[in-house]
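> Here's a sequence, model it:
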Amino acid sequence: MKTLQTTSLKPFHTFGIEVDAKQIIEAHSAADFMSIWRDHADEPKLILGEGSNLLFCQSYDGIVVLNRLKGISVEETSTAWRLHVAGGENWHELVRWTIEQNMPGLENLALIPGLVGSAPIQNIGAYGVELNEYCEYVDVLMLDTGDISRMTAEECEFGYRDSVFKGRLKNKAVIVAVGLLLPKVWVPMIGYGALSDLAHQSDLTALDVFTKVCEIRNEKLPNPTIVGNAGSFFKNPVVAKSLADSLEAQNDKMPRFMVSDNQVKLAAGWLIDQCGLKGFRVGGAAVHDKQALVLTNLEGASADDVVALAKHVVDTVQAKFGVELEHEVRFMGATDETTLEAVCQH
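Numbering: from 1, shown residues only. Sure thing, here's the model as predicted:
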């Protein structure tokens, strides 16, 4: 456990906004987490990985705990590799390492920012693949008892960018490790978007897919070390098929993906783009000029700038398409998580 001398949160979240915490502490073990929860029982606490899916709407009036749990172990069977990965490991570096070790499966999830421990919370996904397809279990530390228990993937209640860790276990548990099962029989997932370009390659490898995913993401998404951002700001909305049909009749090139017989997922980035919002600015915050799904800290943006920009995007898409966008990025208030709607009411 290590208490940092700084209270500035700017280096610890990818939006890079000037906000502070009361105190910042690194946790290197489950025991560290329990000590912090015991010693600061009456103060608000926020567990932070790399802050890559977070917008601080104001300074945090509590303790920010940085997850620094490390370690990877592998068990090989005749049919699969089983990985046990500590929650504080970097997700993309894990994906890179598995490809280098000839253990394919995670390549579509390359360059998703954040830590391994954050991946199940969000049930991260990209290019037709979601974490839950490879997640075997999640080890959680219960903060009220100090017990560590293993939850099956089914018990995690994974959904689209959702899990039990956003619901009844929110603020009650720390993900200390994730178990991943990578089958030895590799089936490339290249039917989504620009990855379909690889379909004509006869000797396709997981490294090829990994490289292509990195190329696409680097081309479309700004590097947060250069331009502050939190990746995809909004979820792709799931709407009634009747609404999707109506919109498609007016927009024949509208991307759509069937979720069920009567539900369709739309591309939030496409909806925002059709509203002509690429490059639109509020103060120092802007809609990214190459990928409309990303809001950026272009030039010394304040939290208020980003909130106002997000509100404008939501209102504009609602007015044009009758579709309400929901933010994928977590909004953090002074003591607890909040929402765009709640912030805008104040």
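> in the lengthiest strand in the chain, what's buried?
Among the segments of the chain that qualify as a strand by DSSP state E, the longest is strand 173-183. Of the residues in strand 173-183, 173-182 count as buried by neighbour count, 16 or more other Cβ atoms under 10 Å. No exception for glycine: its C-beta is placed from N, CA and C like everyone else's.
> Distance from stretch 242-261 to the middle of the chain?
Centre-to-centre, stretch 242-261 and its host chain are 26 Å apart (Cα atoms, centre = their mean, to the nearest Å).
> For it, which residues meet the burial criterion?
Those would be 243-244, 247, 254, 256, for stretch 242-261 by 16+ other Cβ under 10 Å.
> average model confidence for it?
Stretch 242-261 comes out with an average pLDDT of 93.
> Then stretch 32-41?
Averaged over stretch 32-41, pLDDT sits at 96.
> try stretch 218-228
90.
> mind listing what's buried in it?
Those would be 221-222, 224, 227-228, for stretch 218-228 by 16+ other Cβ under 10 Å.
> Sort out for me which of these are in strands.
Those of the buried residues of stretch 218-228 lying in strands (DSSP E): Gly228.
> Out of the buried residues of stretch 218-228, which is nearest to Lys265?
Nearest to Lys265 among the buried residues of stretch 218-228 is Leu221, at 19.9 Å by Cβ to Cβ.
> From Gly51, how far off is that closest one?
Separation of Leu221 from Gly51 (Cβ to Cβ, to the nearest Å): 16 Å.
> same thing with Ile216?
24 Å.
> who's more crowded, these two?
With neighbours defined as other Cβ atoms under 10 Å, Ile216 and Gly51 compare such that Gly51 has more, 27 against 18.
> what's the helix or strand for the more buried one?
Using DSSP states H and E, no element contains Gly51; it sits outside every helix and strand.
> show me the contacts for the nearest residue to it once chain neighbours are set aside.
Closest residue in space to Gly51, ignoring its immediate chain neighbours: His13 at 2.9 Å, by Cβ to Cβ, 6 or more residues apart in numbering. Listed by Cβ atoms under 8 Å, 6 or more residues apart in numbering, the contact set of His13 reads 48, 50-52, 54-56, 230.
> from those, which is closest to Gln122?
Distances from Gln122 to the contacts of His13, taken as Cβ to Cβ, are shortest for Ser52 (10.0 Å).
> which ones are touching the residue nearest to that closest one when sequence neighbours are not counted?
Spatial nearest neighbour of Ser52, chain neighbours left out: Pro113 (3.6 Å); criterion: Cβ to Cβ, 6+ apart. By Cβ under 8 Å, 6+ apart, the contact list for Pro113 reads 14, 50, 52-53, 91-92, 224, 231.
> Cool, thanks, signing off.
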